[in-house]
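Asker: pasting the structure only:
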DNA sequence: TGACATTATGCCGGATATGACATATCGTCG
DNA sequence: CGACGATATGTCATATCCGGCATAATGTCA
């Protein structure tokens, strides 16, 4: 079972959370999946800023839009892992970079 | 530029590949993204088989269908990273497990 | 302060991934 | 061979994610 502070943090970002038996708690897998996305979100922002790119510039590189980039970095639930990872690849992240982020996503 | 054998291997699985300038070649990022998915596909099958689960049983666990599981394991282009990773989490993969698969996905 | 750049948020129509289902193919055992 | 369990393949309606746009909020510098 996951602590309520963590759940609150996730729900605050707009995540709708359902579980099998107890709707007050996140299922462990669901929580880990979300944390994975949030870790990638954070890393995306760091990478973009390190390169001194605006969200608009990155959006162009991705053939996407500034608002989508903003949502990626905000950890918006409407953003998929696919988009996050393809964005990181576009920003030059190596497989090892991705692996490192993912390895430390939960705790 | 990527060698033609590799491209053929991917296209054989049903991937439609486009690039900015040269439509005969995969963009490097696109190829790495696809290899990532294929690596996760392989790992999914291995994990399922190690647990002696049928595709049907796994489908139930995922609230999905046998055909979707088959497509996941076949590396079908219609399957997202999201679904692959959530499936691996359901099968008990740890973050480190995921990281290891991803770290070695390309070369 | 105001002007300007950047980022955040909300919404929408179109594109893509989804589960479900039917059916085909494969593998194994009798 | 046939029967049967497992896996593969194709299709479809629906759900989800997408880029794009408008606009609000935040930040920066004069």
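Answerer: Arrived safely. Fair warning: this is a prediction, and the values are worked out from it, not measured in the lab.

Asker: can you give me the distance of residue A:87 to residue A:58?
Answerer: 7 Å (Cβ to Cβ, to the nearest Å). Where C-beta positions appear, they are placed from N, C-alpha and C, glycine not excepted.

Asker: for residue A:92, same thing?
Answerer: Going from residue A:92 to residue A:58 by Cβ to Cβ gives 12 Å.

Asker: tell me which of those two has more neighbours.
Answerer: Taking neighbours as other Cβ atoms under 10 Å in any protein chain shown, residue A:92 and residue A:58 compare with residue A:58 leading, 23 against 10.

Asker: so which helix or strand takes in the more buried one?
Answerer: Applying DSSP states H and E as the criterion places residue A:58 in helix A:55-62.

Asker: what about residue A:31, how many neighbours?
Answerer: Counted with other Cβ under 10 Å, residue A:31 comes out at 20.

Asker: helix or strand: which one has it?
Answerer: Assessed by DSSP H and E, residue A:31 sits inside helix A:28-50.

Asker: quick one: average pLDDT of that helix?
Answerer: Averaging pLDDT along helix A:28-50 yields 96.

Asker: run through the neighbouring helices and strands of it.
Answerer: Applying 3 or more Cβ pairs under 8 Å, 6 or more residues apart in numbering or on different chains; DSSP states H and E, we find helix A:28-50 packed against helix A:4-12, helix A:66-74, helix A:81-90, helix A:95-103, helix B:81-90, helix B:95-103.
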